[in-house]
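K.L.:
I need the structure of the sequence given here:
(one chain, ligands or ions: 1)
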Amino acid sequence: MELDKLTDQKKEALLKKQKEYLFPNHLLYYTEPLPLDRGEGLRVWDVEGNEYLDFFGGILTTSVGHNRPEVTQRVQEQTEKIIHSSTLYPNESHINLAEKLAQLAPGDIQVSYFTTSGTDANETAIFLAQTHTGHQEVVALRHGYSGRSALGMSLTAVGSWRSGGTHVAGVKHALNPYCYRCPLKLKYPSCGVACAEDIEEVIRTTTSGKIAAFIMEPIQGVGGFITAPDDYIKTAHQIIKHYGGLFISDEVQTGFGRTGHKWFGIEHSGVEPDIMTMAKGIANGFPLGNTMTTKDIAESTLKAGLTISTFGGNPVACAASLGVMDVLENEATPDRTATLGKQLRAGLDRLQEQFPIIGDVRGKGLMQGLELVKDPQSKEPAPKAATQLMDAAKKHGLLIGKGGLYGNVMRIAPPMTATEDDIQMALDLLHKALSDIA
Ligand SMILES: Cc1ncc(COP(=O)(O)O)c(C=O)c1O
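P.N.:
Modelled structure (predicted):
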């Protein structure tokens, strides 16, 4: 049988089994889903052998490219020593990673609690804030995404990701600084980030006035790369402190140099958070979440009951993460990411000039979004065009992501080991895809 027929059958068989044996609510990208088979650097291949340039990295997770030797080698070495220990036994990789992250984290943020996902990291952060402050209520931002547990969905404020389940009480949502669609119909910067005042209004009207925490993503990932102005973050921080809350920066997407120049997205604003959560890019795809805080705040956990995480700080995942940090410190540094981010942004700005469907270009570093609209005047969201663009980009060999409340934001975030040529190639392929759907 011919090779392409064989691979066709393999794909069909896989998709059939996916339908039969996996929950039907797995969201699959593309009109025809794409079973990936292998990856190398920024390239991935599907089961039919088609090659793609990966500018989404499995949701900003493949931070240093696929099959990166520094990561793979450490994983192999660790696997041969010990795969699992649980948090009941100290382990070298676990401890070394905590030490490394303490060196990278801003301010007094020094200590870690490792888990296995971003959801788990945020659960841990809220628990920590509640324990430390003795308060219960939490303020989050509209359009934010925090995870898939009951608390994660309650913190989340994109309706389609809050699906069902019993929501946790005591979570309130403030207006977010979505400047392209300003909730107050004002213009930045003349607005003076008036939307930040809503945080105070929310605290005073919908909580007891004593909050445990405020949680925000410096750039909202799932929400469509909505980028909070630095002065918004500063004002939000002042308000939170005034009402006795801890400031949690969710760095699940913005961490590890992704936004350029700084290791963590929050650092651009000059605000020192009390707690940071991270996952995704921390270990290039190994399941690892982490909640970091100051020594003082971490001490409060002793007031609470016992806790373990069976898989938290898994030695193999931590070894992978140490490999990631090696590459990020020595090669794909935050400064280099900033330079590549400038190149990417300049190219996207040029595309916006050519294609009026691109209403907004936003982001920082190698985390750039394109909001698609029916026309730039009405700004009416164009979710169908976004689906078409995803398919067209795939046809031309480029993988990008999609998000936003209206499903109309393209998310572009390659591994940080990308080269200038990779960026140029992605821009060329995107141009082709936009021309197809124009
Ligand atoms: C900002 C942010 N926080 C938390 C999460 C939850 O992470 P996970 O899917 O690893 O549970 C995500 C996932 O997309 C995220 O983008």
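K.L.:
Just the pLDDT for the residue of the stretch 51-200 of the chain found nearest the ligand.
P.N.:
In the stretch 51-200 of the chain, the residue that lies nearest the ligand is residue 118 (2.3 Å; C-beta to the nearest ligand atom). In short, each C-beta sits where N, CA and C put it, glycine included. Residue 118 carries a pLDDT score of 98 in this model.
K.L.:
ok, it - how many residues close by?
P.N.:
Neighbours of residue 118 under the rule other C-beta atoms under 10 Å: 28.
K.L.:
residues in contact with it?
P.N.:
Contact analysis of residue 118 by C-beta atoms under 8 Å, 6 or more residues apart in numbering lists 146, 147, 250, 252, 277, 278, 279, 280, 289.
K.L.:
Any regions of this structure where pLDDT drops low?
P.N.:
Low-confidence segments of the chain (pLDDT under 70): 1-7.
K.L.:
can you list the domains in it?
P.N.:
Listed domain ranges for the chain are 3-63+332-437, 70-330 (source: automatic domain parsing).
K.L.:
Give me whichever of those domains is most buried.
P.N.:
domain 70-330 (a mean of 20; mean count of other C-beta atoms under 10 Å).
K.L.:
could you dump the contacts of residue 118 to TSV with distance to residue 108?
P.N.:
Conversion of these to TSV gives the following (distance: C-beta to C-beta, whole Å):
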residue	distance to residue 108
146	24
147	26
250	19
252	21
277	16
278	17
279	22
280	24
289	21
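K.L.:
distance of the residue lying closest to residue 303 once chain neighbours are set aside from residue 60?
P.N.:
Once flanking residues are discounted, residue 303 sits nearest to residue 131: 6.0 Å by C-beta to C-beta, 6 or more residues apart in numbering. Distance, residue 131 to residue 60, using C-beta to C-beta, to the nearest Å: 30 Å.
K.L.:
and the longest helix along the chain, C-alpha only, in CSV?
P.N.:
The longest helix of the chain (DSSP state H) is helix 334-354. Output of helix 334-354 as CSV, limited to C-alpha atoms (Å, rounded to 0.1, in the frame of the first residue of the first chain):
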residue,chain,number,x,y,z
PRO,A,334,14.8,37.3,28.2
ASP,A,335,16.9,40.0,26.4
ARG,A,336,17.1,37.9,23.2
THR,A,337,13.4,37.2,23.5
ALA,A,338,12.8,40.9,23.6
THR,A,339,14.8,41.4,20.4
LEU,A,340,12.9,38.6,18.6
GLY,A,341,9.6,40.0,20.0
LYS,A,342,10.4,43.4,18.4
GLN,A,343,10.9,41.7,15.0
LEU,A,344,7.7,39.7,15.4
ARG,A,345,5.7,42.7,16.5
ALA,A,346,7.0,44.9,13.6
GLY,A,347,6.0,42.2,11.2
LEU,A,348,2.5,41.9,12.7
ASP,A,349,2.1,45.7,12.7
ARG,A,350,2.9,45.6,8.9
LEU,A,351,0.3,42.9,8.4
GLN,A,352,-2.2,45.0,10.2
GLU,A,353,-1.6,47.8,7.7
GLN,A,354,-2.3,45.4,4.9
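K.L.:
which strands and helices sit next to the helix or strand in which residue 321 is found?
P.N.:
Secondary structure from DSSP states H and E places residue 321 in helix 315-330. If you count contacts as 3 or more C-beta pairs under 8 Å, 6 or more residues apart in numbering; DSSP states H and E, helix 315-330 packs onto helix 69-81, helix 92-104.
K.L.:
That helix vs the ligand: in contact?
P.N.:
No: Helix 315-330 is not in contact with the ligand by C-beta under 6 Å from any ligand atom; minimum separation 12.3 Å.
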